[in-house]
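Student: Below are the sequence and a predicted model; questions follow.
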Amino acid sequence: MPQRLPHSVLFCCDHNAVRSPMAEALMKSFYGQHVYVQSAGVRNDLEIDGFAVAVCDELGLELGRHRARSFEEMKEWGDDLSSFDLIVALSPASQRMALELTRHFHLEIEYWPVLDPTDLGTRREEKLDAYRQTRDQIRRRILERFGPPTEESP
């Protein structure tokens, strides 16, 4: 059952290179200006993943210009985690980090176990299928959690 749309959401995963950027792009495409959306990773040691870019392009979502960032960089740049209404962790490590960094704040943290497609498949089409599975899993979770899009969406 969909819940009230929050004012701000932070999606997080391990590297901010696959799952959380996909979630950020999908959320923005569904709810546009109604929700402030960002994403971050436990670490920032990877660039945006090319397969993630490719499967999001299939839905008309632009990920190519995404710049991966970590929780630490968010803090350095003045982004206060306590200003988010909801943090959605897409990996166990990001859930632990979000809980640790927000232990003194009153905000909601949800864990959505989402497939990490990075080590799946050996051929290009197999890899793309794994990334599509992850993208579609995130898409379903967003729509289940937040309800019908307020914008024209993929």
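Tutor: Yep, it's here.
Student: rest of the way, CA atoms for contacts and neighbours
Tutor: Will do.
Student: After the helix or strand where I87 lies, which helix or strand is next? Please name it.
Tutor: For I87, the element it lies in under DSSP states H and E is strand 86-89. Counting by DSSP H and E, the next helix or strand C-terminal to strand 86-89 is helix 92-101.
Student: which other helices and strands contact the strand holding I87?
Tutor: Judged by 3 or more Cα pairs under 8 Å, 6 or more residues apart in numbering; DSSP states H and E, the packing partners of strand 86-89 are strand 8-13, helix 92-101, strand 108-111.
Student: How about I138, nearest residue that isn't a chain neighbour?
Tutor: Nearest in space to I138, with sequence neighbours left out and distances taken as Cα to Cα, 6 or more residues apart in numbering, is A23 at 6.2 Å.
Student: How is the residue nearest the centre of the chain assigned, secondary-structure-wise?
Tutor: Centroid-nearest residue in the chain, with Cα atoms, centre = their mean: S20, separated by 2.3 Å. Here S20 is helix, with the state taken from DSSP: H, G, I helix; E, B strand; the rest coil.
Student: Report the contact partners of it.
Tutor: F11, C12, C13, S39, A40, G41, L90 (Cα atoms under 8 Å, 6 or more residues apart in numbering).
Student: how about the fifth one, secondary structure?
Tutor: Under three-state DSSP, A40 falls in the strand class.
Student: Just to check, it is in contact with R69?
Tutor: Yes: counting by Cα atoms under 8 Å, A40 does reach R69; the two are 5.3 Å apart.
Student: Now list whatever residues contact both of these two.
Tutor: With Cα under 8 Å, 6+ apart as the test, A40 and R69 both reach H15, N16.
Student: just the helices and strands packed on strand 86-89: most buried one?
Tutor: When you average the neighbours per residue for each of the helices and strands packed on strand 86-89 (mean count of other Cα atoms under 10 Å), strand 8-13 leads with a mean of 24.
Student: For that one, output the C-alpha coordinates as PDB.
Tutor: Only the C-alpha atoms of strand 8-13 are listed here, as PDB (Å, rounded to 0.1, in the frame of the first residue of the first chain):
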ATOM      1  CA  SER A   8      13.100  14.400   0.400                       C
ATOM      2  CA  VAL A   9      14.700  11.000  -0.200                       C
ATOM      3  CA  LEU A  10      18.300   9.800  -0.200                       C
ATOM      4  CA  PHE A  11      19.000   6.500  -1.900                       C
ATOM      5  CA  CYS A  12      22.300   4.800  -1.000                       C
ATOM      6  CA  CYS A  13      24.300   1.700  -1.900                       C
END
